[in-house]
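Novice: No letters, just coordinates:
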């Protein structure tokens, strides 16, 4: 192993690939939902709404896995760079993820798909609750344990 590589370099390279693929996949799903909403002739039908709901559920779970994967690295690093030690950027990232997931609900409302908006809003609220109870709590416990709230 070279001197400029630490024991976690391979893990972070692998983690970076996973984050990149998941980000690309989430973007693809969001674009697919938007294209289906604008071009589908019978989007009010049961088959059209079921297809859009399925893509939305896969999008929501992909966002959850992406966010959890981004947070997971903090458990394996001993010497974290000073900019990363701040809690606020992580919570800003959480807010962006949560708003990105909420945008699909507003897209459904925009196209008068009320039932689809309600179902996807409930599912998104459940995923956000699960995310707060797992990812956010885990990150916050790490920040308290390592005193990340203090200024360096």
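Specialist: It's in. Keep in mind it's a predicted model, so treat the numbers as computed, not measured. Numbers count the residues shown, from 1 in each chain.
Novice: what about the helix or strand containing residue 101, average pLDDT?
Specialist: Residue 101 is part of helix 88-110 when elements are defined by DSSP states H and E. Mean pLDDT, helix 88-110: 88.
Novice: Repeat that for stretch 138-149.
Specialist: Averaged across stretch 138-149, the pLDDT comes to 68.
Novice: thinking again about what came up before, and the helix holding residue 101, what's buried?
Specialist: 90, 94, 97-98, 101, 104-105, 107-108 (16 or more other C-beta atoms under 10 Å). (Each C-beta comes from the backbone N, C-alpha and C, glycine too.)
Novice: mind checking which helix or strand of this structure has the lowest mean pLDDT?
Specialist: helix 137-145 (a mean of 75; mean pLDDT, DSSP states H and E).
Novice: got the contact list for residue 65?
Specialist: Neighbour list for residue 65: residue 22 [criterion: C-beta atoms under 8 Å, 6 or more residues apart in numbering].
Novice: can you list the buried residues of helix 88-110 in CSV and add distance to residue 123?
Specialist: Shown next, in CSV, are those (distance: C-beta to C-beta, whole Å):
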residue, distance to residue 123
90, 24
94, 18
97, 15
98, 13
101, 10
104, 10
105, 10
107, 15
108, 12
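Novice: Among those residues, which one sits closest to residue 28?
Specialist: Using C-beta to C-beta, residue 104 comes nearest to residue 28 of the buried residues of helix 88-110, at 13.8 Å.
Novice: For that closest one, list the residues it contacts.
Specialist: 30, 33, 56, 59, 120, 124.
Novice: For these, could you give me CSV that also reports pLDDT, neighbour count and distance to residue 140?
Specialist: Below are those laid out as CSV (pLDDT from 0 to 100; neighbours: other C-beta atoms under 10 Å; distance: C-beta to C-beta, whole Å):
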residue, pLDDT, neighbour count, distance to residue 140
30, 96, 20, 28
33, 96, 22, 32
56, 97, 24, 28
59, 97, 23, 26
120, 97, 24, 28
124, 96, 21, 22
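Novice: Residue 66: which of these is nearest?
Specialist: Of the contacts of residue 104, the one sitting nearest to residue 66 (C-beta to C-beta) turns out to be residue 59, at 10.4 Å.
Novice: Now that closest one: closest residue in space, sequence neighbours ignored.
Specialist: Of all residues not flanking residue 59 in the chain, residue 29 sits nearest, at 4.1 Å (C-beta to C-beta, 6 or more residues apart in numbering).
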